[in-house]
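1. after the sequence you'll find the predicted model.
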Amino acid sequence: MTVTGTPRRVTGTPRRAAGSVRRLGAFFAERAPWRVYATYAFLWVLTLESTLAFLTPGADWTTGGPLLAEMATVYLALLFIRVVDEQKDLEYDRVHHPGRPLPRGAIDVRELRTTMALIVIAELALTGWRSPLLTGWLLFGLVYICFLVLLERWSATVRNRIFVNLLVSYPVQAILSVHIWLSFRETTGGGSAPHALVGGLLCMLVFLHFEFARKTGAQVVPGATLYSNVIGLRGSLALTVGCALAGTGLALAVVKPWELHGTEALAGWLPVTALGFLVTGAERFASLRTPTWPPGPAMGYLAWLYLGVSVAALAVVRPGAGG
């Protein structure tokens, strides 16, 4: 009995593992598509480092291994956030989004927590060879992400008041921006704290445009997490549009395209064209073709402005390819 039972247990474990891998693959394909998340991580890191390179003339900025490692680090951190948020928002999703993977049972909490552990191991490998400071700061960020779950359980104010929730959750983005700055400093030896504040502010404004846009609705929806539910449609639109305009203005202040010439000037003015996505989103929303500000143009603005700053840096700063 013992001999015949053993193979079943041995073969059952790989089958369960393979099933978990398939479910996790489907989960990430649905809730964190790599084209979106990897592109965001790539552009976020490249844009912030580009900003620091613009503000730090003579910095030995490279596009080699450390930059790629930082992009992978931020990408995995975004996946970690997605996995944690799925668990944190489970009760809300059961009411408002019952078709998502966790509420409908396509994935379970145990599998998500195992994934969190694997991501942490991968993050340690990506940062450990570069700097203990990078490793420590990243672990601080991951711990803070987990702390937010407990904070929302303890505090109804944090859980139910959308602006308070934004106030305590946005630091996750700021922590990752600081990590990108620290990586830049480790690689180049440059990038002052004031310059990091400028780059961090640029990333914050661009991200907040997307954040406010996707949670701005034409009508009050009871129980929904919309900024427009709290401050009204006009107030929410002012934040959405204001962040986009301020982000574009700050990008231009960094690049200073009016001081450039030829193809460099063309590249320098590229961030302005991101406002086309703002106009598109506003037009679709104003015509009430969507109940909320369309997320496509909001994400398009984010990606295109980041791309514009990055292209300008590659044209003007011309980093090396060392590592």
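-> Yep, it's here.

2. alpha carbons only for contacts and neighbour counts from here, please
-> Fine.

3. quick one: contacts for residue 169?
-> Counting by CA atoms under 8 Å, 6 or more residues apart in numbering, residue 169 makes contact with residue 148.

4. the same query, at a cut-off of 7 Å, please.
-> Residues near residue 169 by CA atoms under 7 Å, 6 or more residues apart in numbering: none.

5. swap in the one 5 residues further on?
-> When contacts are counted by CA under 7 Å, 6+ apart, residue 174 touches residue 200.

6. once you drop chain neighbours, what's closest to residue 247?
-> Spatial nearest neighbour of residue 247, excluding adjacent residues (CA to CA, 6 or more residues apart in numbering): residue 205 at 5.2 Å.

7. what count of nearby residues applies to that neighbour?
-> Residue 205: 22 surrounding residues under other CA atoms under 10 Å.

8. quick one: it from residue 251, how far?
-> Separation of residue 205 from residue 251 (CA to CA, to the nearest Å) stands at 10 Å.

9. also residue 237?
-> Taken as CA to CA, the span from residue 237 to residue 251 is 21 Å.

10. the more surrounded of the two?
-> Per other CA under 10 Å, whichever of residue 237 and residue 251 has more neighbours is residue 251, with 27 against 22.

11. which element is the more buried one on?
-> Here residue 251 sits within helix 227-255, counting by DSSP states H and E.

12. just how off-centre is that helix within its chain?
-> 18 Å (CA atoms, centre = their mean, to the nearest Å).

13. next SSE after it?
-> helix 262-268.

14. contacts for whichever helix or strand comes after that following helix, please.
-> The first helix or strand that comes after helix 262-268 along the chain, using DSSP H and E, is helix 275-286. Contact with helix 275-286 is made by 290, 292, 293, 294, 297, 298, 300, 301, as judged by CA under 7 Å, 6+ apart.

15. let's see 10 Å
-> For helix 275-286, contacts defined as CA atoms under 10 Å, 6 or more residues apart in numbering pick out 209, 213, 216-218, 237, 240-241, 244-245, 248, 288-302, 304-305.

16. so for the one helix or strand residue 303 maps to, what's the average pLDDT?
-> Under the criterion of DSSP H and E, residue 303 resides in helix 295-316. The average pLDDT within helix 295-316 is 95.

17. what packs against it?
-> Here helix 295-316 touches helix 34-55, helix 193-214, helix 227-255, helix 262-268, helix 275-286, going by 3 or more CA pairs under 10 Å, 6 or more residues apart in numbering; DSSP states H and E.

18. okay, buried residues for the fourth one please.
-> Residues 264, 265, 267, 268 are the ones in helix 262-268 that count as buried (16 or more other CA atoms under 10 Å).

19. next one: the longest one
-> The neighbour-count check on helix 227-255 (16+ other CA under 10 Å) flags 227-229, 232-233, 236-237, 239-241, 243-248, 250-252, 254-255 as buried.

20. show me this protein divided up by domain.
-> Per automatic domain parsing, the domain ranges recorded for the chain read 19-191, 192-323.

21. may I ask which helix or strand of the chain has the lowest mean pLDDT?
-> helix 2-31 (a mean of 72; mean pLDDT, DSSP states H and E).

22. so where's the stretch 201-323 of the chain shaky on pLDDT?
-> 320-323 (pLDDT under 70).

23. related to what we said a few turns ago, just the buried residues of the contacts of helix 275-286.
-> Among these, those classed as buried by neighbour count (16+ other CA under 10 Å) are 209, 213, 216-218, 237, 240-241, 244-245, 248, 292-295, 297-302, 304-305.

24. where does residue 42 land on pLDDT?
-> For residue 42, the predicted pLDDT is 96.

25. sorry, slip of the keys, the one I care about is residue 103.
-> pLDDT, residue 103: 89.

26. chain center to the one helix or strand it maps to, what's the gap?
-> Assignment of secondary structure by DSSP H and E places residue 103 within helix 101-104. Chain-centre distance of helix 101-104: 23 Å, with CA atoms, centre = their mean.

27. and that helix, which residues are buried?
-> Neighbour-count burial for helix 101-104 [16+ other CA under 10 Å]: 101, 102, 103.

28. ok, residue 289 - contacts?
-> Going by CA under 10 Å, 6+ apart, residue 289 touches residue 283.

29. quick check, it in a strand?
-> No: per DSSP: H, G, I helix; E, B strand; the rest coil, residue 289 lies outside any strand segment and is coil.

30. state the distance from it to residue 244.
-> As for residue 289, its distance to residue 244 is 21 Å (criterion: CA to CA).

31. next one: residue 32
-> In terms of CA to CA, residue 32 sits 24 Å off from residue 244.
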